[in-house]
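S.K.: Got a predicted structure here, sequence first:
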Amino acid sequence: MNRRNFLKGAAAMTGAAAFAMGLTGCAPTTQSEALAQAGDGQWGSFDGDGVYTPSFLVAPEPVDESALVETVEADVVVVGMGLAGICAARAALEEGASVICLEKGAEYHLHSHQITAINSKVAKEQGVEFSDEQLEGVLRQMVADGRARGNYNLIKHMVYHCGEDFDWYLEKCPSYTVLDAAQTAGETDLDYEAILNICTAGLAAKAGRHFDDVTEEREEAARAGAPYINLFNHPVNPNWNTDDEMYPMYASVVVVEPEHTYVGKYSAEFVEQGADVRYAVWARQLAQDESGRVTGVYFEDEKGNMAKAVAKNGVILATGNFSSNPAMIDYYVRSAAELEPTGWPEVDAKGDVTNVGDGISLAAWAGAAIDRSETMTYVCDSYGGAMGCNPFLLVDGLGNRFMNEDVTGEVFGAKSMRVPGKVMWQIFDDDFPEQVSHMPVGHRCYWRITESYDDIPMGHLFDPIGTMTRAEVEKMSQFKADTLEELAEQMGVPADALVATIDRYNELHDKGVDEDFGKRADRLAPVRKAPFYATAITPPKFRNTVGGVMSDEHVHALDADNMPIPGLYLAGSMVGNRFHGCYPNTNMGQNHAGCIVYGRLAGQNAAKNL
């Protein structure tokens, strides 16, 4: 099913019908069912002037308050009990506010593990501290990533608070193990093989970082030591300097292994103990007074009973992304519509897929401005080839070079959709262990090749980055050949074109200047020594959206005139006005850091009625 064809027909639908995937309780169980339903459904209407309005933006009829079975009241109402909602509720409780939480799942939900945490205690204790000048550099780059279209102070708050907010998040966790990032696997007393097994996923598994001979007892012992707090992507390449990078990437990430559920559950339990938490309820509409101030949330239980949660100070929307709503994807981020969705696997209490944009519709119906397609971003990073996103030679499906390869993972993902054959072949020769010493530090970049896991620093081990074993590179290489002609045959590209491309590339290396695309000379790794390697980089899978409703630096939702809507706050993926065009790899883990940072800020501000 191609989502580019979803918006067929012009039949009008009511707002309630439009929100069938999230608010009516008739949602498909899986993403594939969602796609099928979307392809057959009618998703909006055109007015007399030919202007299209998607049905999810058409407000339903007002709720009949005489039919309410219950009205509850608190200072703050939080919609969503994911990471952002948990942090928002916790922060509001710590400010002394009373809190009601509404969650359509049967329990809270947490996932992933990378969190931007600049100058966190974990980093500082291992000698990694950003100076004021470096912080300004990070901020400048993040603003530049969005062509200065995001809210400067909103971005600045992230840069200057992510470390301390991660420390705050970690405070509730009674015990954890901090890894020494510089210590090698061979030096540690920890059972790194067992830890790796319970952490391994995605690229790590593909690279072979899983040990079949580790017993269940060892894995259970490793879980007992969790969470493991790791200063990710450290140590860094001594030849690397962000000032020399065209796309600077910062080693600013703390990783919680096996995932940050092991930390987040303690904040969630704190919220469950201190707030009125309602699971298996669906937010249907926001309540507003005559002035337009948001005063509460109408919500429905599994039996269809409607109730109201009154918010004396404010409502916080922490409803996540809309990656499982194909109509929203088609409308807001059309460039993602052709990608295979993966999303996160959460379901609500009825077993229906979540992340369908509930908050987008709730906010829009209350007058909020949605961060439109020009700035709405989505996560579709590429893992690159056998050498990750290292800037080795890339050729397209015709065997031709087409770009300066010295870019970041999000560029790899987008570029692979725009080249002949929709494939980028990463090519290198058998000298790759010596050629990586000048490669960048960043998303899926490797600057050191070793023969043994024992030589890999802990900061590179659990989610492959920085250091790879030669065996892993061999395993991940799709094709290997002793001649370029044989390699071209395996790749399915014209041999004469590939040979000519590589001859030219080697010539540029010998000259010490990339006359064709401008790549820096020390990353012009020649392709001369057999065997030769090639790995296809194809369009990535689409994971999730990042950014929803226009926000100011206080995480107030904004209206069509970019003025704050009283009583309505945003957290996590609902916070728009941050990114433009892409989710950059300037700092990995920005989205989950945003859940913590903006969740905490929303909770504090709502509690104080700011």
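M.R.: Here it is on my side, so go on.

S.K.: Just the helices from the stretch 351-500 of the chain, written as ranges.
M.R.: Counting by DSSP state H, counting those that start in this stretch, the stretch 351-500 of the chain forms helices over residues 358-365, 409-415, 432-435, 458-461, 470-476, 484-491, 495-511, given from the N-terminal end onward.

S.K.: out of those helices, which comes closest to Gly518?
M.R.: Among the helices of the stretch 351-500 of the chain, the nearest to Gly518 by C-beta to C-beta is helix 495-511 (10.3 Å). Glycine gets a C-beta too; all of them are placed from N, C-alpha and C.

S.K.: Figure out which of the helices of the stretch 351-500 of the chain is closest to Asp381.
M.R.: When the helices of the stretch 351-500 of the chain are compared for distance to Asp381 using C-beta to C-beta, the nearest one is helix 409-415, at 4.4 Å.

S.K.: which residues touch that closest one?
M.R.: With C-beta atoms under 8 Å, 6 or more residues apart in numbering as the contact definition, helix 409-415 has outside contacts at 247, 335, 380-384, 389, 403, 407, 424, 442-444, 537, 539-540, 582-585.

S.K.: Could you check the pLDDT of the closest residue to Glu515 other than its chain neighbours?
M.R.: By the measure of C-beta to C-beta, 6 or more residues apart in numbering, the closest residue to Glu515 outside its immediate chain neighbours is Leu508, 6.2 Å from it. The pLDDT attached to Leu508 in the predicted structure is 98.

S.K.: which one is Glu405 nearest to, not counting chain neighbours?
M.R.: Closest residue to Glu405 in three dimensions, ignoring its sequence neighbours and counting by C-beta to C-beta, 6+ apart: Pro391, at 4.0 Å.

S.K.: who's in contact with that neighbour?
M.R.: Residues Asn404, Glu405, Asp406, Val407, Met439, Pro440, Lys519, Arg523 are the ones in contact with Pro391 under the rule C-beta under 8 Å, 6+ apart.

S.K.: In TSV: the residues you listed, plus distance to Ala221.
M.R.: Formatted as TSV, the contacts of Pro391 follow (distance: C-beta to C-beta, whole Å):
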residue	distance to Ala221
Asn404	48
Glu405	43
Asp406	43
Val407	42
Met439	36
Pro440	37
Lys519	47
Arg523	43
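
S.K.: Just give me the longest strand of this protein.
M.R.: Across the chain, the strand with the greatest residue count (assigned by DSSP state E) is strand 306-317.

S.K.: what's the next secondary structure element after that one?
M.R.: helix 326-332 (DSSP states H and E).

S.K.: what number of residues lie near His109?
M.R.: For His109, the number of neighbouring residues by other C-beta atoms under 10 Å comes to 23.

S.K.: For it, give its distance to Ile229.
M.R.: Applying C-beta to C-beta, to the nearest Å, one obtains 21 Å for the distance of His109 from Ile229.

S.K.: go on, Val263?
M.R.: Distance from Val263 to Ile229, by C-beta to C-beta: 8 Å.

S.K.: residues of the longest strand of the chain that come out buried?
M.R.: By neighbour count, with 16 or more other C-beta atoms under 10 Å as the criterion, the buried positions of strand 306-317 are Met306, Ala307, Lys308, Ala309, Val310, Ala311, Asn313, Gly314, Val315, Ile316, Leu317.

S.K.: Farthest-apart pair in those residues, please.
M.R.: Pairwise over these, using C-beta to C-beta, the maximum falls at Met306 and Asn313, 22.9 Å.

S.K.: Gly163 contacts Ala117, doesn't it?
M.R.: Yes. With contact defined as C-beta atoms under 8 Å, Gly163 counts as touching Ala117 (5.1 Å).

S.K.: who's more crowded, the two?
M.R.: The neighbour comparison of Gly163 against Ala117 (other C-beta under 10 Å) goes to Ala117, with 31 against 26.

S.K.: wait, doesn't that one sit right on His161?
M.R.: No. Contact status for Ala117 versus His161: not in contact, 10.3 Å apart, counting by C-beta under 8 Å.

S.K.: what helix or strand is Arg578 on?
M.R.: Here Arg578 is covered by no helix or strand, with elements defined by DSSP H and E.

S.K.: list the contacts for it?
M.R.: Applying C-beta under 8 Å, 6+ apart to Arg578 gives the contacts Gly146, Gly150, Asn151, Leu154, Ile155, Met158, Val546, Gly547, Ser551, Gly594.

S.K.: how about the last one, what does it touch?
M.R.: Listed by C-beta under 8 Å, 6+ apart, the contact partners of Gly594 are Ala84, Met158, Val546, Gly572, Ser573, Val575, Arg578.

S.K.: Leaving out chain neighbours, which residue sits closest to Glu65?
M.R.: Nearest non-adjacent residue to Glu65 (C-beta to C-beta, 6+ apart): Lys308, at 7.2 Å.

S.K.: so what's that neighbour bridging to?
M.R.: Counting by DSSP bridges, Lys308 forms beta bridges with Thr71, Tyr298.

S.K.: Report pLDDT for it.
M.R.: The confidence metric pLDDT takes the value 98 at Lys308.

S.K.: residue contacts, it?
M.R.: Counted by C-beta under 8 Å, 6+ apart, Lys308 has contacts Val63, Glu65, Leu68, Glu70, Thr71, Val72, Ala287, Gly296, Val297, Tyr298, Phe299.

S.K.: try it again with 10 Å
M.R.: 63, 65, 68-73, 77, 284-285, 287, 295-299 (C-beta atoms under 10 Å, 6 or more residues apart in numbering).

S.K.: Quick check: it vs Met81, distance?
M.R.: Look at Lys308 and Met81: by C-beta to C-beta, they are 19 Å apart.

S.K.: for Asn587, same thing?
M.R.: In this structure, Asn587 and Met81 are separated by 26 Å, where distance is defined by C-beta to C-beta.

S.K.: And for Tyr583?
M.R.: Distance check for Tyr583 against Met81: by C-beta to C-beta, it reads 24 Å.

S.K.: Show me which of these two is the more surrounded one.
M.R.: The residue with more neighbours, out of Tyr583 and Met81, is Met81; 27 against 23, by other C-beta under 10 Å.
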